[in-house]
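# just the structure for this:
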Amino acid sequence: MKGNLGDRYKNAFGFVAANMSTTLTDNGFEEEIQQPQNTQVFLLDNKTKFDEVKLYRDKIEFDFAFRQIAEEYNTVYATPPMLSFSRQKKLIVTAIDNVDDIEIVERYNTSPYDIDWKGLLIDMENHSFPADKLKQLNQIFKHNGIWNVSSEIFDALEITAIYIQDVQIDFVEGFEDTIAYSFKMRAIKDLEYQILTQDKF
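The predicted structure is shown next:
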């Protein structure tokens, strides 16, 4: 497959993580990576990870993965997303009067992961505007429920389901066949969402 993914990522997001270079090389893009004009866009970003991801619910399924030739991209929805994860602990802290450097933590719990998901929708076969993929992206966001998710990264973090809070869609200058998008997601447990939904009615 011939395709300059490096320039697409650069125009869409301003950088391409160094982590991506190994994955691209392993999946048939070694020639693209070695081109001199592309070397400058591979920058180290330790927050960013790459892997194949499956997003699914009921009988609906979307695969985010690399393929070696354009004809095989009809078996996947999009290339793997760039992912970053963050979470925090909620603490109730009480200070002790007239005592420095000591405080009492009365209660705490750990918040679910917040997830930044960035990716590209590319028409790899016809290199025309990916209208069908954009419609599907809109349907993914409009679903008012949880999506099950599976990948090595999500599994390692014990994330099995997410809900989508925000979406942003941008058109990539110079590439009619490419749309950049980003989701803001939050990890959730299946049962937790069902209970909260039932309580509203």
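# tell me the SS of residue 153?
Following DSSP: H, G, I helix; E, B strand; the rest coil, we place residue 153 in the helix state.
# again, but for residue 84
Here residue 84 is recorded as strand under three-state DSSP.
# counting neighbours, what do you get for residue 148?
Residues contacting residue 148 under the criterion other CB atoms under 10 Å number 15. C-beta: built from backbone N, CA, C; applies to glycine.
# likewise residue 122?
Neighbourhood size, residue 122 [other CB under 10 Å]: 22.
# going along the chain, name the strands of the chain.
Using DSSP state E, the strands of the chain run over residues 16-17, 42-43, 53-57, 60-64, 82-86, 89-95, 103-110, 114-122, 147-150, 161-171, 178-187.
# out of those, nearest to residue 138?
Among the strands of the chain, strand 161-171 comes nearest to residue 138, with 8.2 Å by CB to CB.
# list the contacts of the closest one.
The contact list for strand 161-171 (CB atoms under 8 Å, 6 or more residues apart in numbering) reads 12, 115, 134, 137, 140-141, 143, 145-149, 178-190, 193.
# same thing but 7 Å
Contact with strand 161-171 is made by 12, 115, 141, 146-149, 179-190, 193, as judged by CB atoms under 7 Å, 6 or more residues apart in numbering.
# stretch 114-121 too?
So stretch 114-121 is contacted by 8, 12-13, 64, 78-79, 81-87, 130, 133-134, 137, 162, 178-187 (CB under 7 Å, 6+ apart).
# mind doing that once more with 6 Å?
Applying CB atoms under 6 Å, 6 or more residues apart in numbering, the contact partners of stretch 114-121 are 8, 12, 78, 81-86, 130, 133, 178-180, 182-183, 185-186.
# any idea of the mean pLDDT in it?
Per-region confidence: stretch 114-121 scores 94 on mean pLDDT.
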